[in-house]
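1. Quick one, fold the following:
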Amino acid sequence: MSSLISNMMLVANAGSGKTYQLTSRMVMLMALGVEPRKIAALTFTKKAAGEFLDAVFLRLANAVLDPEKLQTLRKDTDIENLRKGTEIPDLDDVRCREILREFSLQAGVLTMGTIDSLFARIARAFPLESGL
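-> Residues are numbered from 1 along each chain as shown. Coordinates of the predicted model:
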């Protein structure tokens with residue numbers, strides 16, 4: 001499955017749909033079995049990080065409740081194409097509920113935030129190594 005997943009950096013202007021693209025990517029990775037705590041989603045502002053977290057929750061919850069939004073999410077994550085010839089589970093309302101549950105349980109340890117908060121976490125984790 002690791003051959004299906006590659007790192008991605010999205011650089012675009014404000015209002016261009018970065019959050020939408022990133023939430024699609026995050027859901028796709030979780031649908032492929034990647035634990036939410038192992039996904040780094042970084043931005044420059046706390047506001048954008050909060051919007052991103054909210055957007056992931058909303059897209060998953062809406063997909064559980066609304067068949068049209070589920071179809072849109074399946075299309076946006078390209079999960080149908082990724083499933084061809086693999087054992088990836090379908091992204092249906094049950095799977096979205098499972099992903100939402102796991103995402104909720106791991107919300108406290110997610111690496112979703114600002115770039116400077118990530119560097120601060122690294123510095124706190126390795127104070128001697130970083131010379132602090």
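2. Helices along this protein, start to end?
-> 18-31, 46-65, 67-77, 79-83, 93-105, 115-125 (DSSP state H).
3. just checking, which of those sits deepest inside the structure?
-> Comparing the helices of the chain by mean neighbour count (mean count of other CB atoms under 10 Å), helix 18-31 comes out on top with a mean of 20. From N, CA and C alone the C-beta is placed, and that goes for glycine too.
4. which strands and helices sit next to that helix?
-> helix 46-65, helix 67-77, helix 79-83, helix 93-105 (3 or more CB pairs under 8 Å, 6 or more residues apart in numbering; DSSP states H and E).
5. so which of the ones you listed comes closest to Glu129?
-> Among these, helix 46-65 comes nearest to Glu129, with 26.0 Å by CB to CB.
6. Quick one: mean pLDDT over the closest one.
-> Taken as a whole, helix 46-65 has an average pLDDT of 92.
7. Point out the other helices and strands that it packs with.
-> helix 18-31, strand 40-43, helix 67-77, helix 93-105, strand 111-114.
8. do you know which of these lies nearest Phe57?
-> Of all those, helix 93-105 comes closest under CB to CB, at 7.1 Å.
9. That closest one vs helix 46-65, what angle?
-> 150 degrees (axes from the mean of the first three to the mean of the last three CA atoms, to 10 degrees).
10. Can you list the neighbours in contact with helix 93-105?
-> For helix 93-105, the surrounding residues in contact (CB atoms under 8 Å, 6 or more residues apart in numbering) are 27, 30-31, 35-36, 56-57, 60-61, 63-64, 67, 70, 73, 89.
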